[in-house]
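# can't give you the sequence, but here's the structure:
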């Protein structure tokens, strides 16, 4: 009986440790909906802002404001992220809205990062 109690306590502790997560948010980053932190180096932030200006990216217009953690409406087209925006963001798509570039998880259409 004592062994069973010790095994149950150990299993409970292991399960608790497995589900616990520590998220560190550093300045200049935004935590995405899934809890992952996206690191974008300052040089890439500058490239992204320059890209939007140079390519005259037109902002999308929606009834609701697009914010981190929200889903982008299905009628809004998601654009592929250029490879020169940095390796940490190439798996995402983007939307330009309200003078901000919003990185979007294409699978869920959830905004995971804002670059203002």
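That came through fine. Note that this is a predicted model, so its numbers are computed, not measured. Numbering: from 1, shown residues only.

# which neighbouring elements make contact with the helix or strand hosting residue 48?
Assigned by DSSP states H and E, residue 48 belongs to helix 42-54. Packing partners of helix 42-54 (3 or more CB pairs under 8 Å, 6 or more residues apart in numbering; DSSP states H and E): strand 100-105, strand 110-115. Using the backbone N, CA and C atoms, a C-beta is placed for each residue, glycine as well.

# now tabulate those strands in JSON lines and tack on distance to residue 37.
As requested, the helices and strands packed on helix 42-54 are exported to JSON lines (distance: least, CB to CB, whole Å):
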{"stretch": "strand 100-105", "distance to residue 37": "12"}
{"stretch": "strand 110-115", "distance to residue 37": "9"}
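
# out of the ones you listed, flag the one nearest residue 71.
strand 110-115 (5.4 Å; CB to CB).

# quick one: mean pLDDT over the closest one.
For strand 110-115, mean pLDDT rounds to 94.

# same thing with stretch 66-85?
For stretch 66-85, the mean pLDDT works out to 93.

# who's in contact with it?
By CB atoms under 8 Å, 6 or more residues apart in numbering, the residues outside stretch 66-85 that reach it are 30-33, 44, 47-48, 51, 60, 62, 64, 89-95, 97-98, 102-104, 106, 108-114.

# span of that stretch from start to end?
21 Å (CA to CA, to the nearest Å).

# all the helices of the protein, residue numbers only.
In order along the chain, the chain carries the following helices (DSSP state H): 2-19, 42-54.
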